[in-house]
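Student: Pasting the sequence and the predicted model now:
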Amino acid sequence: MTDAGEKEAPPSNLNNVSHMRNAVLFEGPERGQRLSRFWILLSLASTIAAAGIVADSTAAVIGAMIVAPMMLPIQGTMLSTVLGDRVNLIRSIILVASGAAAAIAIGFLVGMLVTNDVVAATNAQVAGRVHPGLIDLLAALATGVVGSFALIRRDISDTLPGVAIAISLVPPLVVAGLTLESGATEESLGALLLFVTNVASILATGVVVMALFKIQRSLRADTQSGVAKVAQRKTALVISAMLVVVAIPLTISSITTGTNTVRENTIRAITDQWASEADWDLVTVDTRLNQVLVRVTGPLPAPDTKELAARIAASDIDPTVVEVELVPSHSVILDKPETSTN
């Protein structure tokens with residue numbers, strides 16, 4: 001039994017507020033050392049991510065996710081919001097913004113060193129990060145919950161490396177820089193949207209998880225001034241609005257992606273049948289900027305594309321959005337080379 005005026009001790013598997021502050025906030029006598037470590041790791045992680053994306057190497061990109069320290073200032077923003085710590089809130093937001101700008105700049109610089117454009121059409125790592133949808137928001141929300149639990153509870157803190165891999169922070173920023181340098185502004189904005197989605201998800205789920213664990217209530221009432229409480233409420237509203245705002249383009253992107261997929265599948269089926277009737281083969285069907293590119297190959301003479309257009313129109317698809325690339329092929333069986341005799 002405890003006296004009425006005493007607070008119950010928190011469960012042993014929970015980190016206290018002091019431990020959480022030390023884990024994600026850049027304050028105290030070691031602030032300079034923590035900041036230098038942050039910038040060194042961020043620069044290295046961005047460089048690794050850029051090299052991995054250019055080389056289309058999944059292993060390198062995963063390595064960059066583990067090294068990247070971007071989770072710290074984002075969680076610092078979340079914790080500062082819950083605690084009503086205005087100084088650390090501003091400090092963490094500045095770190096998130098400046099770190100994001102640095103990662104984009106490194107991606108842009110690496111893109112200048114590459115001969116070919118690094119865009120979705122030629123790179124799978126880019127393609128997976130420039131068209132985020134609602135499923136990415138769902139994954140980010142779930143990962144944000146795990147990250148918050150790992151910060152609060154000692155018994156699941158070992159999951160942080162997995163959280164770093166699951167939540168994509170630095171790679172989308174690097175992709176934004178690479179595609180911006182390549183002139184693909186729309187893809188750059190898409191990658192930036194993915195980053196903002198992940199940030200908003202971490203902040204929103206973190207505030208909710210902190211509330212569920214009553215982190216704020218564990219503080220004494222006199223530690224929070226009225227101004228801090230007002231700032232806390234305003235920041236929470238901004239985070240909620242941020243989550244709603246990113247959900248709008250993600251919804252539009254999901255609908256567009258679904259529509260394009262249905263259209264591609266229909267065109268693929270029609271083209272495959274049309275090509276096979278002429279002894280040609282369908283190679284690829286891709287959508288780029290609302291234009292469907294179809295590539296077929298086979299022996300001359302080339303089949304009549306008017307018949308293909310008529311079939312596509314009959315399926316309620318505008319044939320003018322379809323571009324067909326005919327690639328003639330000619331097969332030759334090599335003769336056995338003659339051997340000279342002396």
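Tutor: Everything's here; your move.
Student: so where is the stretch 151-300 of the chain shaky, pLDDT-wise?
Tutor: For the stretch 151-300 of the chain, applying pLDDT under 70 flags the ranges 156-162, 164, 215-236.
Student: how close does the residue minimising distance to the centre of the chain sit to residue 262?
Tutor: When C-alpha atoms, centre = their mean is applied to the chain, the residue found nearest the centroid is residue 194 (4.2 Å). With distances taken as C-beta to C-beta, to the nearest Å, residue 194 is found 23 Å from residue 262. Heads up, the C-betas are built off the backbone N, CA and C, glycines and all.
Student: mind giving me the domain split of the chain?
Tutor: Listed domain ranges for the chain are 17-224, 259-328 (source: automatic domain parsing).
Student: Just name the most buried of these.
Tutor: Burial of the domains of the chain is given as mean neighbour count (mean count of other C-beta atoms under 10 Å); domain 17-224 ranks first at a mean of 19.
Student: From the chain's centroid, how far away is that one?
Tutor: 10 Å (C-alpha atoms, centre = their mean, to the nearest Å).
Student: Report the mean confidence score over whichever strand or helix holds residue 20.
Tutor: Assigned by DSSP states H and E, residue 20 belongs to helix 17-24. For helix 17-24, mean pLDDT rounds to 84.
Student: likewise stretch 33-50?
Tutor: Computed over stretch 33-50, the average pLDDT equals 94.
Student: Distance from the helix or strand that contains residue 313 to the middle of the chain?
Tutor: Using DSSP H and E, the element containing residue 313 is helix 305-314. Relative to its chain's centre, helix 305-314 lies at 38 Å (C-alpha atoms, centre = their mean).
Student: Please name every helix or strand in contact with that helix.
Tutor: Packing partners of helix 305-314 (3 or more C-beta pairs under 8 Å, 6 or more residues apart in numbering; DSSP states H and E): helix 226-277, strand 322-328.
Student: The shortest one pairs with which strands?
Tutor: In this case it means strand 322-328. Here strand 322-328 has these sheet partners by DSSP bridges: strand 291-298 (parallel).
Student: just the angle between the strand it pairs with and helix 226-277, please?
Tutor: Orientation check (axes from the mean of the first three to the mean of the last three C-alpha atoms, to 10 degrees): strand 291-298 against helix 226-277 gives 30 degrees.
Student: re earlier: from residue 171, how far off is the residue nearest to the centre of the chain?
Tutor: In terms of C-beta to C-beta, residue 194 sits 9 Å off from residue 171.
Student: Which stretch among the helices and strands packed on helix 305-314 approaches residue 69 most closely?
Tutor: Residue 69 sits nearest to helix 226-277 of all the helices and strands packed on helix 305-314, at 21.0 Å, using C-beta to C-beta.
Student: what angle sits between that closest one and helix 305-314?
Tutor: Going by the same axes, to 10 degrees, helix 226-277 makes 130 degrees with helix 305-314.
Student: Return the list of helices and strands in contact with the helix or strand that comes right after helix 226-277.
Tutor: Next in sequence after helix 226-277, counting helices and strands by DSSP H and E, comes strand 281-288. In terms of contacts (3+ C-beta pairs under 8 Å, 6+ apart), strand 281-288 is packed against helix 226-277, strand 291-298.
Student: Indicate which one of the ones you listed is closest to residue 48.
Tutor: Of the helices and strands packed on strand 281-288, the one closest to residue 48 (C-beta to C-beta) turns out to be helix 226-277, at 26.6 Å.
Student: Right, I'll call it a day here.
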